[in-house]
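sharing a sequence plus its predicted fold:
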Amino acid sequence: MTSGSGESRGSINLRIEAGTRQLIDDAAAILGKTRTEFMVESARRQAVDVLLDRRLFTLDPEGHDVFLKALDEPPPPGPKLAALMRRVPAWRR
């Protein structure tokens, strides 16, 4: 995603050790970027990786079949789930 003219901008204030700041500054300088550019790009890349890791997964054909079977034939509810489902929700109390 790129920043467009219609998008709002915000700020993030961080307190970091001087050595860490220098490390970031050195890496940013090597890439010809400002500290902010370097940090935003690095944090954004890491955020995308984390989200994709939690949302996208691939399976081999055998694993895919096992996964679909588990979705089609879930195990019966255990005692904890059964007890939870018998509770009156907080919004109905």
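That came through fine. Residues are numbered from 1 along each chain as shown.

which parts of the protein are helices?
Secondary structure of the chain by DSSP state H: the helices cover 18-31, 35-55, 61-72, 79-86.

in CSV: those helices, plus mean neighbour count.
No exception for glycine: its C-beta is placed from N, CA and C like everyone else's. Converted to CSV, the helices of the chain look like this (neighbours: other C-beta atoms under 10 Å):
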stretch, mean neighbour count
helix 18-31, 12
helix 35-55, 11
helix 61-72, 10
helix 79-86, 9
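
okay if I get those as TSV plus distance to R9 and mean pLDDT?
Listed next are the helices of the chain as TSV, based on distance: least, C-beta to C-beta, whole Å; pLDDT from 0 to 100:
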stretch	distance to R9	mean pLDDT
helix 18-31	20	97
helix 35-55	11	94
helix 61-72	41	95
helix 79-86	43	92
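
nearest to S11, of those?
Smallest distance to S11 across those (C-beta to C-beta): 9.6 Å, for helix 35-55.

got the angle for the closest one vs helix 18-31?
For helix 35-55 against helix 18-31, the angle by axes from the mean of the first three to the mean of the last three C-alpha atoms, to 10 degrees is 90 degrees.

ok, back up a step: looking at the helices of the chain, spot the one closest to I12.
Among the helices of the chain, helix 35-55 comes nearest to I12, with 8.6 Å by C-beta to C-beta.
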